[in-house]
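S.K.: need a structure here:
(4 chains)
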Number of protein chains: 2
Amino acid sequence: MKEKEKDGTYRITKQRQKILELLTNTKEHPTADQVYKKLKGKFPRLSLGTVYRNLRILKEQGQIWELDFGTGLSHFDAVVHSHYHFICKNCNKIYDIRIPAIKELDERVRTMTGFRIYSHRLEFFGLCDICNQRQSIN
Amino acid sequence: MKEKEKDGTYRITKQRQKILELLTNTKEHPTADQVYKKLKGKFPRLSLGTVYRNLRILKEQGQIWELDFGTGLSHFDAVVHSHYHFICKNCNKIYDIRIPAIKELDERVRTMTGFRIYSHRLEFFGLCDICNQRQSIN
DNA sequence: ATTGAATTAGTAATAATTACCATTATTAAT
DNA sequence: ATTAATAATGGTAATTATTACTAATTCAAT
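M.R.: Presented below is the predicted three-dimensional model:
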């Protein structure tokens, strides 16, 4: 709940570089713990707290997004241009849906409510092609 | 992560009735703890575990929805017909946006990906009218 | 190289949620 | 109505994800 204020003075550390690099080079949307476990192999001294801290910092810097899909876990994504997500109900894999934000949705809600709309979040749920085929066969 | 299987044999208990009643009679989208605190006044013997258990059961029964808005907390909503949500970035209040699910969105993603789409979730973020006016003045 | 501050590793502390279990309450059958 | 079977409760302990704390380390500007 409490967000620590930062004055924008950041340093370049190996740990932070590697965390961002890992997120940039994957299509998956790993959790903090998954990032930790993947890097722990190469960086045995890496601390889980460091992963959490850097994920927060990278998010503050706008370099990554924090996503949640109702699983109680935060997922992280280095794709930070406007897009949506699809979550497979069977394998729980998360896919980027490369549709840029549909501005008409915001406008529609603005006229309906009078609220000022900054952004929206849109996630689709269903079966990915792999799970869909498997389901059809069984 | 582990979801307990149920055979559908449920009993009617005072606790479960009161929890559903509270959710039905509010426009807010309370968390488990907020439900607990509100009912604790009338039911001093109520246990927090009971609230969590019943919220899960009511959700299984399709009587309520579990929602999360990136705060790390689950919110509950007895409005279970298709609709969207708006979250005020300033006061954190959650509003129901009474637009029924836009099916064209599902269709668009289906043709784009080939995935089978069951549903989607859409949340808007911004400033509600109260906070918007306050912000404009200051 | 020196120095000041940001960052780290490691561990302890929180916070939300779930698991456990002896007791209680609901339901269906007698 | 009584009884019997078992779902549900209250209370507490355990788990899980995340944050806080701190002495030691590392970065970056002089």
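S.K.: where does pLDDT dip in chain A?
M.R.: The model of chain A has pLDDT under 70 over residues A:1-8, A:136-138.
S.K.: domain ranges for chain A?
M.R.: Per automatic domain parsing, the structural domains of chain A span A:1-78, A:81-138.
S.K.: take the ones you listed and write them to a markdown table, including mean neighbour count.
M.R.: To be clear about C-beta, it is placed using only N, CA and C from the backbone, and glycine gets the same treatment. Shown next, in a markdown table, are the domains of chain A (neighbours: other Cβ atoms under 10 Å in any protein chain shown):
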| stretch | mean neighbour count |
| --- | --- |
| domain A:1-78 | 14 |
| domain A:81-138 | 15 |
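S.K.: TSV for the ones you listed, including distance to chain B?
M.R.: Shown next, in TSV, are those (distance: least, Cβ to the nearest Cβ, whole Å):
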stretch	distance to chain B
domain A:1-78	5
domain A:81-138	4
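S.K.: need those in TSV with distance to DNA strand C, can you?
M.R.: Below are the domains of chain A laid out as TSV (distance: least, Cβ to the nearest atom of the strand, whole Å):
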stretch	distance to DNA strand C
domain A:1-78	3
domain A:81-138	16
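S.K.: how about TSV for those, with distance to B:Glu107 added?
M.R.: Converted to TSV, those look like this (distance: least, Cβ to Cβ, whole Å):
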stretch	distance to B:Glu107
domain A:1-78	22
domain A:81-138	11
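S.K.: in its sheet, what does the strand ranked longest in chain A sit against?
M.R.: For chain A, the strand with the greatest residue count under DSSP state E is strand A:116-127. Applying DSSP bridges to the sheet, strand A:116-127 is found paired with strand A:84-88 (parallel), strand B:116-127 (antiparallel).
S.K.: which stretch among those strands comes nearest B:Gln17?
M.R.: Comparison of these against B:Gln17 by Cβ to Cβ identifies strand B:116-127 as nearest, at 28.3 Å.
S.K.: how about residues contacting the helix or strand following the closest one?
M.R.: Counting by DSSP states H and E, the element after strand B:116-127 in chain order, helix or strand, is helix B:129-137. By Cβ atoms under 8 Å, 6 or more residues apart in numbering or on different chains, the residues outside helix B:129-137 that reach it are A:113-116, B:88-91, B:126-127.
S.K.: which of the residues you listed sits closest to DNA strand D?
M.R.: Of all the contacts of helix B:129-137, DNA strand D sits closest to B:Lys89, with 17.3 Å by Cβ to the nearest atom of the strand.
S.K.: quick check, the closest one in contact with B:Phe124.
M.R.: No. Using Cβ atoms under 8 Å, B:Lys89 makes no contact with B:Phe124, being 10.4 Å away.
S.K.: what residues does A:Thr9 make contact with?
M.R.: A:Thr9 neighbours (Cβ under 8 Å, 6+ apart): none.
S.K.: mind telling me what element it is part of?
M.R.: Assigned by DSSP H and E, A:Thr9 belongs to no helix or strand.
S.K.: output the contacts of helix B:129-137 as TSV; include the columns distance to DNA strand D.
M.R.: TSV is the format used below for the contacts of helix B:129-137 (distance: Cβ to the nearest atom of the strand, whole Å):
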residue	distance to DNA strand D
A:Thr113	30
A:Gly114	32
A:Phe115	27
A:Arg116	26
B:Cys88	21
B:Lys89	17
B:Asn90	20
B:Cys91	21
B:Gly126	23
B:Leu127	23
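S.K.: turn those residues into CSV, columns for distance to B:Thr24.
M.R.: As requested, these are exported to CSV (distance: Cβ to Cβ, whole Å):
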residue, distance to B:Thr24
A:Thr113, 23
A:Gly114, 27
A:Phe115, 25
A:Arg116, 30
B:Cys88, 23
B:Lys89, 28
B:Asn90, 28
B:Cys91, 23
B:Gly126, 27
B:Leu127, 28
